[in-house]
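1. could you work out the structure for the sequence below:
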Amino acid sequence: MKVTSLLPALLIVAATPALHASYATSFISPALSGVTATDGWYDLNNVNFPGYGTHGTALSAWPQAIGSNQAGSGDAGLNKVAGTSGYLTSAASNVLYVPGTPLGVFTVSDATPVAGLSTVILQISSTGDLGASGASLDFNGGDQSLAPTSAVLLSSGSVTTAFGAAERYVWAYQWDLTTGGTVDNFAITFAAPAQHTMIFGARLDQASVYSGSVIPEPSAFAGLAGLGALGLACSRRRRA
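-> As a prediction, this is how the structure comes out:
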């Protein structure tokens, strides 16, 4: 598995103008080929995703998965499958909160992926560092627990939440599924890394073509950030 370490959040913002507007999510839009689909779960709270309570579900799994709230998205779902965590908190906090142990376990799954599925990318924004091996993938109802082919820590930085200041991490995980035969369904599993974890959002991308990792390397971010700065300087000169 290829692992790429920390990228400054400032470079991410400069390099990727298509970031979601939420303060809590800083996801990239990967350049995928073939048949593609994208799902996103942004601002996880009980206003945007009603019906799951605030701090009362204890060990209960959710009754059903949460559908994507990204415009034009597919039909994947985010679900809590185990643990005393995963309560949706108030709208003010915009956060899916994991208060204690046993830690909450979540899945992002799709029962009808794109035809010829060859690659999947999952991005997660949370406090608590999930790490390079923080997610695994199963397909066709099996228990393969596939580690990501590549994992990139896109950004890390301080954010202010309803619980005070916290360190936020954005990880991107990509899987090469070209050697697994036809993939009729898949589920990606991840667990909160610690008590009091806050999960701000997630984004799932899938495609029928895999041509290597499409998660940008640090050097790519640096180059794009430089071009962005140059373009900004030229624009200011024209206005002057």
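2. count of residues packed around the closest residue to G74 other than its chain neighbours?
-> Closest residue in space to G74, ignoring its immediate chain neighbours: A37 at 3.9 Å, by C-beta to C-beta, 6 or more residues apart in numbering. In this view, the C-beta of every residue, glycine as well, is placed from N, C-alpha and C. A37 has 22 neighbouring residues, counting by other C-beta atoms under 10 Å.
3. beta-bridge partners for A37, please?
-> Q206 (DSSP bridges).
4. wait, isn't it in contact with P113?
-> Yes: contact criterion C-beta atoms under 8 Å: A37 and P113 qualify, at 7.4 Å.
5. so what sits against both of these two?
-> Common neighbours of A37 and P113 (criterion: C-beta atoms under 8 Å, 6 or more residues apart in numbering): Q206.
6. test my guess that S73 contacts Y42.
-> No: applying C-beta under 8 Å, one finds S73 not in contact with Y42, separated by 10.6 Å.
7. ok, those two, which is more surrounded?
-> A count of neighbours by other C-beta under 10 Å puts Y42 above the other of S73 and Y42, at 20 against 16.
8. what residues are bridge-paired with the more buried one?
-> Going by DSSP bridges, Y42 forms beta bridges with G201.
9. for it, give its distance to G131.
-> Here Y42 is placed at a distance of 23 Å from G131 (C-beta to C-beta, to the nearest Å).
10. for the chain, which segments count as strands?
-> 2-4, 33-42, 66-67, 77-82, 87-88, 96-98, 105-110, 119-127, 135-139, 150-161, 164-176, 186-191, 197-209 (DSSP state E).
11. need those strands in CSV with mean pLDDT and distance to F49, can you?
-> Shown next, in CSV, are the strands of the chain (pLDDT from 0 to 100; distance: least, C-beta to C-beta, whole Å):
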stretch, mean pLDDT, distance to F49
strand 2-4, 51, 31
strand 33-42, 94, 8
strand 66-67, 90, 5
strand 77-82, 91, 9
strand 87-88, 68, 6
strand 96-98, 85, 9
strand 105-110, 96, 13
strand 119-127, 96, 15
strand 135-139, 98, 21
strand 150-161, 90, 17
strand 164-176, 93, 20
strand 186-191, 98, 18
strand 197-209, 93, 11
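12. what's the most buried one of those strands?
-> strand 96-98 (a mean of 28; mean count of other C-beta atoms under 10 Å).
13. other SSEs contacting it?
-> strand 87-88, strand 197-209 (3 or more C-beta pairs under 8 Å, 6 or more residues apart in numbering; DSSP states H and E).
14. put together CSV for those strands, with distance to F163 on each row.
-> Conversion of these to CSV gives the following (distance: least, C-beta to C-beta, whole Å):
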stretch, distance to F163
strand 87-88, 13
strand 197-209, 7
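15. wait, which of these is closest to S26?
-> strand 197-209 (9.2 Å; C-beta to C-beta).
16. now do the closest one: distance to the chain's middle.
-> 3 Å (C-alpha atoms, centre = their mean, to the nearest Å).
17. stretch 186-205 now?
-> For stretch 186-205 - counting by C-alpha atoms, centre = their mean - the centre lies 7 Å from the chain centre.
18. pull up the distance across that stretch, start to finish.
-> The straight-line separation of the ends of stretch 186-205 (C-alpha to C-alpha, to the nearest Å) is 13 Å.
19. likewise for stretch 109-118?
-> Per C-alpha to C-alpha, the first residue of stretch 109-118 is 15 Å away from its last.
20. residues contacting that stretch, please?
-> Counting by C-beta under 8 Å, 6+ apart, 34-37, 39, 65, 74-77, 79, 120, 176-178, 182-188, 204, 206-210 sit against stretch 109-118.
21. doesn't L137 make contact with Q144?
-> Yes: between Q144 and L137 there is a contact at 7.1 Å, judged by C-beta under 8 Å.
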